[in-house]
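Visitor: The sequence and its predicted three-dimensional model are supplied below.
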2 protein chains.
Amino acid sequence: MIRREVTEEASSEAERPDLAAMMVRLGRALTAAELPVLRAHGLSMWAYVVLLALDEVPVRSQSALAEAIHADKTRIIGVLDDLQERGLIRRSPDPSDRRVRLLSLTPEGRRLRDEAQAGIRQREARLLDHLPPAERATFLQVLRDLHDRPWQDLTGEA
Amino acid sequence: MIRREVTEEASSEAERPDLAAMMVRLGRALTAAELPVLRAHGLSMWAYVVLLALDEVPVRSQSALAEAIHADKTRIIGVLDDLQERGLIRRSPDPSDRRVRLLSLTPEGRRLRDEAQAGIRQREARLLDHLPPAERATFLQVLRDLHDRPWQDLTGEA
């Protein structure tokens, strides 16, 4: 009966949904919000994730990319083929091991990535713009700090 | 090249991951963090979700419950059977329509739900307790306000 014995102030916090439940609902909804923006740029979610990952670390092997985005290596081959055909990414053999193919963004790929992300940020802004600037900044800072923590910190497996 | 032309202050915000990406990672990690706590109380995630939903709206038909928790009706029958056998929920025929079975928490079910949630809150607290109280309160308030918005507001489908 823990929830029923607390003071009123603490109660309002205890009555909130669990953090995981809030994050899962928001993750699903905000992912759904991204899809029309991505579609308008001719991108699937996987294609966008690939462009983001190649912007973050400019040159990667296909295996390293697949691992970084938690995708099955075979699953993203079609995505990579399509992005290459459209001139958004380059695939070139690794000079030190010609069996390995290195991926990188083309300037066109970077431009499309930036445009798609700008569209996504516009939608996000609509959800956050009613907040006083200090609250908005605090919310985003705490969210980002949590996001940047090692996985084991978040799951408590450590 | 939007990201590269902004001022330094705005840049640090523009450089953050998209909201959806942060929420999805945190949703996965915090769900993983709940599992050992739930296991220690003999609960699967679905069983916990059922107990939470029956605490929120005390009496529901099986169909209404399944809809509320976005579960397939047939999928949760085994979960309900198990909870009933353990004396955590009651199933009784609806007096107005005997084909409908109404579900509700037993006192034991409420106790287990409260204990499991208290364990989950302890883990969550470890992630948030280093924050100054005002920041922590702002973060949780903004997160909860977002979580409570209608789905169409969040997805921008409205």
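Guide: Sure, I can see it. Residues are numbered from 1 along each chain as shown, chains lettered A, B, ... in the order given.

Visitor: Please, where are all the strands along chain A?
Guide: Here chain A has its strands, by DSSP state E, at A:60-61, A:89-94, A:97-105.

Visitor: Can you name every helix or strand that the second one contacts?
Guide: Packing partners of strand A:89-94 (3 or more C-beta pairs under 8 Å, 6 or more residues apart in numbering or on different chains; DSSP states H and E): helix A:45-56, helix A:77-85, strand A:97-105. (Glycine included, C-beta is placed from N, CA and C.)

Visitor: 6 Å instead, please
Guide: With contacts defined as 3 or more C-beta pairs under 6 Å, 6 or more residues apart in numbering or on different chains; DSSP states H and E, strand A:89-94 has these neighbours: strand A:97-105.

Visitor: Now the strand it packs on: buried residues?
Guide: Across strand A:97-105, burial judged by 16 or more other C-beta atoms under 10 Å in any protein chain shown covers A:101-105.

Visitor: Give me the lowest-pLDDT entry from these.
Guide: In terms of pLDDT, the weakest of these is residue A:101, which scores 86.

Visitor: Any idea which residue is closest to the centre of chain A?
Guide: Nearest residue to the geometric centre of chain A (C-alpha atoms, centre = their mean): residue A:49, 6.7 Å.

Visitor: Residue A:70 is in contact with that one, correct?
Guide: No - assessed by C-beta atoms under 6 Å, residue A:49 is found out of contact with residue A:70, at 9.2 Å.

Visitor: re the thing from before, need the buried residues of strand A:97-105 in CSV with distance to chain B, can you?
Guide: CSV is the format used below for the buried residues of strand A:97-105 (distance: C-beta to the nearest C-beta, whole Å):
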residue, distance to chain B
A:101, 26
A:102, 23
A:103, 20
A:104, 17
A:105, 12
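
Visitor: Farthest-apart pair in these, please.
Guide: Taking C-beta to C-beta, the two most distant members of the buried residues of strand A:97-105 are A:101 and A:105; they sit 14.6 Å apart.

Visitor: Please read off the pLDDT at residue A:91 from the model.
Guide: pLDDT at residue A:91 comes out at 91.

Visitor: Kindly report the same for the one 5 residues further on.
Guide: The pLDDT attached to residue A:96 in the predicted structure is 86.

Visitor: For residue A:58, see how far away it is.
Guide: Per C-beta to C-beta, to the nearest Å, residue A:96 is found 17 Å from residue A:58.

Visitor: Of the two, which one has the most company?
Guide: Legend: neighbour count by other C-beta atoms under 10 Å in any protein chain shown for residue A:96 and residue A:58, higher for residue A:58 (11 against 7).

Visitor: Now the more buried one. Nearest residue, chain neighbours left out?
Guide: Leaving aside its sequence neighbours, residue A:58 sits nearest to residue A:104 (C-beta to C-beta, 6 or more residues apart in numbering or on different chains; 5.7 Å).

Visitor: Contact partners for the one you found?
Guide: Neighbouring residues of residue A:104 by C-beta atoms under 6 Å, 6 or more residues apart in numbering or on different chains: A:58-59, A:90.

Visitor: Pull up the residues of chain A that are close to chain B.
Guide: Residues of chain A lying close to chain B by C-beta under 6 Å from any C-beta of the partner chain are A:2-3, A:16, A:18-20, A:22-27, A:29-34, A:114, A:118, A:120, A:123-124, A:135, A:138-139, A:142-144, A:146-147, A:154-156.

Visitor: So among the residues you listed, which ones count as buried?
Guide: Burial by neighbour count, 16+ other C-beta under 10 Å: within the residues of chain A next to chain B this picks out A:3, A:16, A:18-20, A:22-27, A:29-34, A:114, A:120, A:123-124, A:135, A:138-139, A:142-143, A:146-147, A:154-156.
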